[in-house]
Structures are given as C-alpha cells and as structure tokens.
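Asks: Pasting a predicted model and its sequence here:
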Amino acid sequence: MLLEIRNLHAGIEGKAILKGLNLQINKGEVHAIMGPNGSGKSTLAKVLAGHPSYEVLDGEVIYNGKNLLELEPDERAREGIFLAFQYPVEVPGVSNSQFLRLAYNEKMKHLGQEELDPLEFNDYLKEKAKVVEMDKSFFNRSVNVGFSGGEKKRNEILQMAVLDPTLAVLDETDSGLDIDALRIVAEGVNKLCSADNAIILVTHYQRLLNYIEPDFVHVLAGGKIVKEGGKELALELEEKGYDWVKAAGN
Amino acid sequence: MTLQKVVKETNYSQAFRVRLAREKTGWLREMREKAFKFFTENGFPLAQSEEWKYTNVASLAKENFVLAELSETAVSEARSENLEIENDSMTAVPETSTFIFEESRASVLIFTNGVFDKAASRLGDLSSATILCFSEAAKDEKYAEVFKAKLGSLVDSEKNGFTALNTAFIGEGAFIFLPKNARIEAPIQLLFTTEEGKTSCPRVLIIAESFSEATFIETYVRSEESKYLTNSVIEISIADEAKIKHYRVQRESHNAFHVSTTAAEVHRGSVYDTMAINLGARLSRHDIKLKFNSEGGEAFVDGLYLLGGEQHHDTHSVIAHDVPNCTSHQTYKGILNDKSRGVFNGKVFVAVGASGTDGYQSNKNLLLSNEARVDTKPQLEIFNDDVKCSHGATVGQLEEEELFYLLSRGLNDSLARNLLTYGFAEEIVNKIGVESIKKQLDEAVLNRLNANLGA
C-alpha cells in the first residue's frame, strides 16, 4: 500500500477540521476527494504536504512504509509527495527553470542519481513542458508572477511532470479554469498517471472527473469520509448536491 | 552656544587655501568660496537635522582623511596637456581594469581620488559625444558657456555640508556632452576609486541634448579593505525627448565612507531610468534629487541595498513634480543581515499645477537577522487633486507561504530561504539591461548571501 491514513484528526489554529479520516491508496490508483466547502478537503491536502500551520491532533499517516508525519515538508517532497496548490504562490525574481532545476536536483541527490547542469536540464524541461503545452517563454519568467490563473495551474502540473512524484495531491486544480485550460491540465495529468504512482484529486465539482477518470470517489463532510464509491458517485453528487451526504456526516 | 562641528575644519581649510591660490579669478572661484564658507560655518550635517536623523557622520569626523584632489590635480593637468589623447588608449590601469565592464571596454572614464584621468580613460566608442576635463570645458569656445550655466545648477552647495565640500574642491571633473540626436550604443562607465586615508570629491556634469540616448554605469570600487571618504556629486541635465539610463553600483571597501548626490533635471518627453545598487562601504549615504522641468517626462528610480555586518546605508530621494503629466516610478528594496542598518526616505512632491501626475513609490525590506534594522519613510506631498499617486513600505521576514511552496518542492530550508532572498534582490537586478553588470551583480548577491544555488 502506498498511503494509509488512519483516524486522522487535524486542524488549524486550535480548530479541529479533520475528525477521524481513514483512507487507503495503492499505486496505480486515482482517488477523488469531493465534498462541500469547509469539509476539510484542502486541510487534508495541506496536512499530507506538511504545511506548518496545520496541526495533527491524532491518527497516523503511513506512506511507503514510513511515518509521514515525522518528515519535514521538503523530505516528503524528496520522498515523492507532490502537492499541486489551489493557489500557487508567486516567487518574484526566481525563474521557473532555475527553481525547477534546483528542486529536480535536490530530488536526484536524495535518490543518489545524477544531477543535471543547466543545459541538460533545459532539454529535460522542454520535453516535460509538452505535457501541459507550455511555451518555453515561461521558463525564464519568475515563478507564477504575472501568470493567469490557468497558466499557474498548468505550471503546477509542469512541476509535477518534472518532479515525477509517487503520490500527487491536486488541490482544486480545476477551479478557476476555462474549458480549454481544464482540458490541457487534465490531459497533462492523464499523461502522468502510471502504474507506479497514485493521484488524489481534491475537487468541489464533478467537472474535472469528466476528463480524469477516478477509480474511487470519497465524499468528505464534517472532517470525515461519509460516502465512498466509484466514478458514478461523482455524477450522483453533481445531480443531487452535497446536502444529502452532509446529513450523513452529522 | 555654538553648535558642535562634526568635522575638523583645519584639515580642509589648509587644502582650500592651496586650491584658491591656484585659481586667481573667475566664476568657479566665487562658487567654491561660497560653498567653502558654508562648509566652514556648518561642517558636516549633524544628527539633529531632520535629513540626517538616522545617519550619524560623527565617526567620519574622527577620521583624518586628507583631500586627495590637490596633489593629484597638478599631475593630471600636466598629463592631459602633454599627452595626445589617443582613442582606445591601451594605457595600463592594472588596479582598476578588472572592474571595467565588458561592454564598456572602450567607453570608460577613470577617476582616481576624485580626479578625472582622461589619459587613463578609454573613449574609443564615444566619438559621438564630447568628453572634457573641467579645465578644458571652462576654456572651450563651444562648451564654456553651457558648462558655466549648468555646473552646480542642480544641487544646492549652501545647504548640505557634503555637497558644499565637493563644490569647494571642484577639480578635474568630467564634462560629458551628448549632442542632439546622438545615440551612444556602448554603456559609458564612470569608474571611481579612492586611496587609503583620502577624501575624494569627484564631480561629473552630464548634458544630454534633445533626442540623445545613452547608458551610464557609475561604479565605485575598491578591492582592499581600506578606509577613505568618497564624496561625489553627479549632475545630469536631460533635454527634450532624450533617454538616459543610469546605473549606479557602489562597491566601496567595507571600511569606507561613501556620500554621493545624484541630481537630474528631466525635460519634455524625456526618460531618466536610474538604478542604484548599494553593496559596499561601512557608512554610505545616497541623495537623489529629481526634478521635472516640463511636461511628459518619465523617470524610473529603482534601487537595492544589500547590507551585512555593521554596514549602514541611507538613501534619501526627492522627486519633484512641478509640472503636469509626468511619471515617476520608484521601487527600492533592502536586504539587511547581521547588525546592519538601512534608511530609506523618499519624498514625492506634486505641485499645485502638476495635474496628471503619475507617481508610484515603494520600499520593501527584508530583515534576515533580529539585530538588523531599517527606518523607512516614504512621503507623498500632493497639492493637486488630479493625480494618480501611491506609495508603500514594508519591513519583514520571508513570506511563510513562499517558503512552504519551495519546501513542498523538495528544496531544503536553507536553500529555500536563500533562493527567496536572492529572488527578492533579483527583482531589481533583473531590470538591468547590460548583461555584464547583471551577471556581476548576480554574483555579488549570491556571494553576500553566501549561497550556492548551483547556478
């Protein structure tokens, strides 16, 4: 098993948000986490990535046989966890390619593999950029600065392509995208799916799931998973809204 | 009660008598006499004065720096008279040549101890400009008049002790005249060095006629850790539709004192794009005075101070919108480590008649140590309703969200912090259009951060 979450309780600023969440994920699987606003979807994503503002109150997270909660955020990343941010952060003055090469080489170092010099990395980056149809003019621009919402999300998926994670958590990657951008991002993610990795799609709407087909759908409400099923569950939610599952969570 | 003078006048008085003895009459003599009178009466600015509240020059007064200019002028004058100035002269300047930017190999003016050394300068790429020593400009049939009219017209030598001292000791400065429509491709480097134990008072007057275009790189360097005072004044007059870029790189010795004034007047439709990078000196102060003289002028006044140890840097800028429809954008950033101290004071005045003014001013500071400190005071004084003006200042640490973003990509904590700090500085450095300066500053920023980004 790649990831096992047992009875996870977590929150922010003393307020509990996740209240006993259980989840099991194997390699090769795509899981969708759906739920109404405030149900704890983003909290789950941030806790998995190790955001310092979030506090784990109880429970366990085992990733690749290791206690994930003991690892620093950067260690988690080098171990293959990737969070695509709901609101990607702008990093002025640092170029995309510089940033990505540093991140890539840190991971290579960790894995005991060869690092790439700027020229080699540039070739590698060009190849990866095709995944999200990203123009190379973005390489020399500051990370996310002046990018449109859609460009920022594509940039997240480009980073995912470069870092080749084992477990990718996509936090509302579909929000704010027009239909063309959504298609590009979703196709990019599909290209990156393999038998060696797993993806968690955190989303409010079913729309993204038309493009990326999940193996499992989990509905989060009140900090717990209240309903689980296959991809047809997403369609049902789209039709009925979240009220009927919210009731189940209470 | 008499105010305590923070300078020993005698040292300078002696030098001044020698200076006057060599110049019997003339407008320049009158100008320097007035300036020196102010200096003897007022000395260097006191910390009690509002403009110098955060920058105490008392430590400077304790030093017994000797005016470098006197002994050197004679040498330089003799040189410029006897030597046929060859363009692209290969005169060896071993000490300073390593500081010449690649793009300026044939367009560099060398100033040693404040004296413009035309013979050592390399002017091969500057044939479309006129470059004269002050002694030549004062006698020149064509330029004497404009030289007299403009020298000292943009600064007030009876208000600030440092400017007064500079004016009192005006020696062989550089007069740079860009004729109408002249377009100079090579960046013109002004390279200043001052020797241990000396006070230098370099002076430059730049006159850009209408539609002319040029880039200047004003560079202060000293490789050793020597102690001295550089006290420079640069005046720039930019006529209609001219476009002047002016980079200023201050990398003085870490024991040095550096005081400098940049004063510019901007005329109709002209653009003054300036950036000051402050890296060196134990104590440094940079005054910027910018004045819009007619409509449609545009100015970018950017800067960076990167301080560590016990360095102190102070930028004071005054941008005066006296006429309508001018634009000034000012972005200043500071990175302060250890026990360093930064001061930013930026005034933007918008006069009664200056409608359509577009003014923007920002000063952001990054404190990397608990003992570093910055005092920032952006000021807008607007006497007109029809304007678009904004300003702001921040002092803080690295953004937690930015840091987490980098960590979440696998960068370790120190690498992530260094990269963010580097990025903070790069936002300014990246605006530099001259590749070799940009590269050098990139390296300087990395060195200062002690960061190997594997670049």
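Replies: Done, it's in.

Asks: Report the central residue of chain A.
Replies: When Cα atoms, centre = their mean is applied to chain A, the residue found nearest the centroid is A:V169 (2.0 Å).

Asks: what's the helix or strand for that one?
Replies: Using DSSP states H and E, A:V169 maps to strand A:167-171.

Asks: Buried residues, the helix or strand just after that strand. List them.
Replies: Following strand A:167-171 in sequence order, the next helix or strand is helix A:179-192 (DSSP H and E). Buried residues in helix A:179-192, defined by neighbour count with 16 or more other Cβ atoms under 10 Å in any protein chain shown: A:181-182, A:184-189, A:192. The way it works is simple: take the backbone N, C-alpha and C, and place the C-beta from them, glycine included.

Asks: closest to chain B among those residues?
Replies: Comparing these against chain B with Cβ to the nearest Cβ picks out A:L192 as the nearest, at 15.8 Å.

Asks: That closest one contacts A:L170, correct?
Replies: No - with contacts counted by Cβ atoms under 8 Å, A:L192 stays clear of A:L170, the gap being 10.5 Å.

Asks: Could I get the buried residue list for stretch B:42-56?
Replies: Within stretch B:42-56, the residues that count as buried by 16+ other Cβ under 10 Å are B:42-46, B:52-55.

Asks: which regions of the stretch 51-200 of chain B lie under the pLDDT threshold?
Replies: For the stretch 51-200 of chain B, the stretches with pLDDT under 70 are B:69-95.

Asks: I'd like the domain boundaries of chain B, if you could list them.
Replies: For chain B, automatic domain parsing gives the domain ranges B:9-294, B:400-455.

Asks: coming back round to it: sheet partners, orientation included, of the strand holding A:V169?
Replies: strand A:81-84 (parallel), strand A:198-203 (parallel) (DSSP bridges).

Asks: got a list of what B:G114 touches?
Replies: Counting by Cβ atoms under 8 Å, 6 or more residues apart in numbering or on different chains, B:G114 touches B:68-69, B:72, B:169, B:171, B:192, B:194, B:200-203, B:230, B:232.

Asks: first vs last residue of stretch B:348-358, how far apart are they?
Replies: Start-to-end span of stretch B:348-358 (Cα to Cα, to the nearest Å) is 11 Å.

Asks: for the buried residues of stretch B:42-56, which one is nearest chain A?
Replies: B:Y54 (27.2 Å).

Asks: which bits of the stretch 301-450 of chain B sit near chain A?
Replies: B:399-402, B:404-413, B:415-416, B:419-420, B:422-427, B:429-430 (Cβ under 8 Å from any Cβ of the partner chain).

Asks: what about the helices in the chain?
Replies: No chain in the question, so chain A it is. A:41-49, A:73-78, A:96-111, A:118-129, A:149-163, A:179-192, A:232-240, A:243-249 (DSSP state H).

Asks: actually it's chain B I care about, not the one you picked
Replies: Here chain B has its helices, by DSSP H, at B:9-21, B:27-42, B:58-62, B:69-82, B:94-97, B:134-139, B:144-150, B:161-168, B:400-407, B:413-429, B:435-449.

Asks: Save the ones you listed as CSV, and put in distance to A:G223 too.
Replies: Below are those laid out as CSV (distance: least, Cβ to Cβ, whole Å):
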stretch, distance to A:G223
helix B:9-21, 76
helix B:27-42, 71
helix B:58-62, 61
helix B:69-82, 76
helix B:94-97, 68
helix B:134-139, 78
helix B:144-150, 73
helix B:161-168, 65
helix B:400-407, 22
helix B:413-429, 30
helix B:435-449, 42
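
Asks: Make sure the residue nearest to the centre of chain A is actually in contact with A:L48.
Replies: Yes - counting by Cβ under 8 Å, A:V169 touches A:L48, with 5.5 Å between them.

Asks: Which residues are in contact with each of the two?
Replies: Residues touching both A:V169 and A:L48 by Cβ under 8 Å, 6+ apart: A:81, A:83, A:200.

Asks: Closest to A:L233 out of those?
Replies: Within the shared contacts of A:V169 and A:L48, the smallest distance to A:L233 is 15.5 Å, found for A:I200 (Cβ to Cβ).

Asks: ok now do the closest one, which residues does it touch?
Replies: Listed by Cβ under 8 Å, 6+ apart, the contact partners of A:I200 are A:25, A:31-33, A:45, A:48, A:167-170.

Asks: Can you report how many residues lie near the residue of the stretch 101-250 of chain B found nearest chain A?
Replies: Closest residue of the stretch 101-250 of chain B to chain A, Cβ to the nearest Cβ: B:Y247 (17.6 Å). Using other Cβ atoms under 10 Å in any protein chain shown, B:Y247 has 25 neighbouring residues.

Asks: Quick check, it in contact with B:M275.
Replies: Yes - contact criterion Cβ under 8 Å: B:Y247 and B:M275 qualify, at 5.2 Å.

Asks: just for chain A, where's the confidence low?
Replies: A:247-250.

Asks: Can you tell me how far A:S175 is from chain B?
Replies: Here A:S175 is placed at a distance of 18 Å from chain B (Cβ to the nearest Cβ, to the nearest Å).

Asks: For burial, what's the neighbour tally of that residue?
Replies: As a burial measure, A:S175 scores 17 neighbours (other Cβ under 10 Å).

Asks: Go ahead and confirm it touches A:A84.
Replies: No - between A:S175 and A:A84 there is no contact under Cβ under 8 Å: 11.4 Å.

Asks: rewinding a little: same list (the strands paired with strand A:167-171) but as a markdown table, adding distance to B:K37.
Replies: Listed next are these as a markdown table, based on distance: least, Cβ to Cβ, whole Å:
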| stretch | distance to B:K37 |
| --- | --- |
| strand A:81-84 | 69 |
| strand A:198-203 | 75 |
